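Trainee: Structure of the sequence below:
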Amino acid sequence: MRFFRVYGRVLGLLGRDIRIAGFLAFANLIVAGLQFLDPVLFGRVVNLLSGSDKMESGVLWHQAAWLLGIWVAVGITGILSNIFVALQTERLSHKHRINSMGKYFQHVLALPLSFHGDTHSGRLIKQMLSGTDGLFATWLVFFRDQLSTILSAAILLPLTLFLNWRLALVLIALVAIFLTFTAIVVRKTETAQRRVEGLNSSLAGTAQDALANVMVVQSFTRLPAEGKLFGDIAQQVIRNQFPVLNWWALVNVMTRASSTLAVITIVVVGTWLHVNGMASVGEIVTFMGIAMLLIGKLETAASFVSSLFFKLPALEDYFAILDARSSVPEKDNARTLWAPRGEVRFEDVSFEYPNGGGPVLSDVSFDARPGTSVALVGHTGAGKSTAMSLLQRLWDPSSGRITIDGQDLRDITLDSLRSNIGMVFQESLLFNRTIRENLMVGRPDATEDEMERACRMADAHEFIIRQANGYDTMIGERGTSLSGGQRQRLAIARALLKDPPILILDEATSALDAATEARVGRALKALMAGRTTFIIAHRLSTVRDADEILVFEEGRIVEQGNFDELLAREGRFADLVQTQLSPSVHHLVAAE
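Mentor: So this is what the prediction gives:
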C-alpha cells in the first residue's frame, strides 16, 4: 500500500537518528503504560472505598496511602517521560526538516535543464515547502503524541483481558468498529485528496508565474485575466476539497459519539456482569476510564491519520523530485578536467531533445584551436546556443562526442568542466544579492584588488562606486535596480573575475551603447588573448575579428571560415550580412 510505503520512507529519512527514534518509542511505551495505570489505580481506589465499611480504619488508611503513593509516583514519572519525549521530538523534527530542505534544494539545483524546462519553478518551491512541512509535522506529532496511542492500542489494550476478559472484549470490539469506519473513510478520500494537492501545486505555479512577470501583467492590463485564472483554479480546489472535508467531519462527529457510546455500552454490560458477580464496581470504573482514555486517543489518532492522507500527495511529489535523476550522469570514475591548452573539438555531434521534435544538431564537427575565437552565427533556432549548451554538458549529445584537450566531456567531473568555462549570457542573470556577492559567484576567493580590476576592465567600476553602498549595494531580483547595460557589464566583470581558459560570450555586448561596447570590447579582447573563446552572435558586426566563423543552419554547419573569406564566397554568410548590414557591406569590403 502506497500509504505505508511513503511513510516508511519518511521514517527512513531519520537515518542514524533512528536510534533516537528507538529511545522515543521506549519512552512512549512508558508513557502509554503510565496512562494505562491511571484508570486501573482509580478502579482500585473505588474498590477500596466500596469495601471500606468492612475494614478497620488503620488498614483502610494504610492501603489508601499505598495506592495514592503509587499514583503520585506514576504521575511524576509520566510528567518526566512526557518532557523527555516532547523535547527530543522537537529537536529531532526541526533538525531533519532543515536537513531535508537542504537536500531537496541541492538536488534540484543539480538537475539538468531538461528537468527545469518541464517543471515550473513555483511548483518546485511549493513542493519543497509542503513536503518538508509534511515531514516535520509527521515526525513531531507521531513521536510526541501518536506513538503512545499506537502502543496503547496494540500492546496495552490486549492486557485488559487480564483485568476482566469480558469487559475487555467489549472494549476491543468498540475500538475495532471505530478503526474499521476510519479505514473506510480513508479509502474514499485518498484519490480525491491527491487531485486536490495537484490543483494546489497548479495554484502556486500560476501565482509564481504572474509575480515573476508582473511588468507584463501591468503593461498589458492582464490583472483581471490573471485574477480570473487564479480564481478559477482556486474554485476547483474548493470543489474538490469539500467532499473530502465532509467525510472527515463525519469521522470527527462519529469519534465524539463513540466516546459516549463506549461509556454507555460498558456501563450496561458492566452492570449485567456485576449483578451476576462477574465484575466488581472498581473494574467497571477502570474500564470506563480506559474506554474514555482510548477513545480520546483514537479521536486524536483519527485526526492525525486524516492529516497524513492530506499530506500524502505532497510527500509523494516531494519524493518524486528527490528520485528524479540527471540526464547527464557523472561516472563513478570521472576525473578532473586538465585543460592547459583549451582545445575544443566537436566530432560528428548530433542532438535531439528527449521529448522529440526532430534533430537540433546534425553531424556537427569543428576544431577550436587553443587561444582562438570562434563565432557561431545563423538564424534563431539554427543550433548555436544548443551547441554551447552541449559544451557545458547541460545536455549530452545523442551521438558523437565533444572533447577538451582530448578528454571526452562524459569522462570528467561536471564541477571541473564548468569551472573551466566562463559564460556571459544573452540575458544578464543576477542574484538578488549585493554586487560583491554576484561578482564572487564564479570565484569566491577573489581579493578586493582582483574584483576591482575585473570591474574596471568591464567598465563597471565607475557606476558601482556611485551606488549607495558601492560594492555592497543590493541590486534587487534579477538586478532590477540596475539598467540593462549595467547588468550586462556586471555579468562581463563576473566572467573576467572567474578567469577561465574557455569563454562563451552569448551576445555579451548586446545591451551596451556604442561607446561602452567599444570600451568593453577592448577589455574582452585582452581577456580572450590566449583563451579559447566562443561568440554566439546575431549581430554580425560583433564577429568581424573572430578567427573563425561557423555558419549554422537547421542544426548543421553550412559554412566555415573567417569574415573576409565567407563574405567573398557570396554564400549563406554573405546573405546574412546583406540582410543586416546592406548599407555597410561595400564599405566593409572596401576597407580591406
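
Trainee: how about the helices of the stretch 1-150 of the chain, start to end?
Mentor: 2-12, 18-50, 57-110, 113-118, 121-141, 147-151 (DSSP state H, counting those that start in this stretch).

Trainee: try the stretch 201-350 of the chain
Mentor: Using DSSP H, counting those that start in this stretch, helices in the stretch 201-350 of the chain cover 214-219, 223-275, 281-323.

Trainee: Put together a markdown table for the ones you listed, with mean pLDDT, distance to E437 and mean neighbour count on each row.
Mentor: (Each C-beta comes from the backbone N, C-alpha and C, glycine too.) A markdown table is the format used below for the helices of the stretch 201-350 of the chain (pLDDT from 0 to 100; distance: least, C-beta to C-beta, whole Å; neighbours: other C-beta atoms under 10 Å):
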| stretch | mean pLDDT | distance to E437 | mean neighbour count |
| --- | --- | --- | --- |
| helix 214-219 | 74 | 24 | 11 |
| helix 223-275 | 80 | 32 | 15 |
| helix 281-323 | 80 | 27 | 20 |
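
Trainee: do you know which of those lies nearest L203?
Mentor: helix 223-275 (4.9 Å; C-beta to C-beta).

Trainee: Minimum distance to G484: which of the helices of the stretch 1-150 of the chain has it?
Mentor: helix 121-141 (22.7 Å).

Trainee: and the residue lying closest to I475 once chain neighbours are set aside, which of the three is it?
Mentor: Spatial nearest neighbour of I475, chain neighbours left out: S481 (5.1 Å); criterion: C-beta to C-beta, 6 or more residues apart in numbering. Following DSSP: H, G, I helix; E, B strand; the rest coil, the label given to S481 is coil.

Trainee: can you pull the pLDDT of S481?
Mentor: pLDDT for S481: 83.

Trainee: got it, and the one 3 residues further on?
Mentor: Confidence per residue is given as pLDDT, and for G484 that number is 74.

Trainee: ok, it to R123 distance?
Mentor: 29 Å (C-beta to C-beta, to the nearest Å).

Trainee: How about R341?
Mentor: 43 Å.

Trainee: Have a look at those two and say which one is more surrounded.
Mentor: Neighbours were counted for R341 and for R123 using other C-beta atoms under 10 Å; R123 has more, 21 against 15.

Trainee: Test my guess that that one contacts T206.
Mentor: No: counting by C-beta atoms under 8 Å, R123 stays clear of T206, with 9.7 Å between them.

Trainee: residues near D348, how many?
Mentor: 12.

Trainee: next one: L87
Mentor: L87: 11 neighbours (other C-beta under 10 Å).

Trainee: So what's the predicted local confidence for it?
Mentor: Reported pLDDT at L87 in the predicted model: 86.

Trainee: Could you tell me how far the most centrally placed residue in the chain is located from G381?
Mentor: Nearest to the geometric centre of the chain sits M128, at 3.5 Å (C-alpha atoms, centre = their mean). Here M128 is placed at a distance of 34 Å from G381 (C-beta to C-beta).

Trainee: how about V374, what does it touch?
Mentor: By C-beta atoms under 8 Å, 6 or more residues apart in numbering, the contact list for V374 reads 366, 368, 532-535, 546-550.

Trainee: quick check, nearest of those residues to D323?
Mentor: Nearest member of those to D323, counting by C-beta to C-beta, is F534, at 35.1 Å.

Trainee: For that closest one, give me the pLDDT.
Mentor: At F534, pLDDT is 93.

Trainee: Settle this for me: it is touching S385, isn't it.
Mentor: No: counting by C-beta under 8 Å, F534 stays clear of S385, with 10.5 Å between them.
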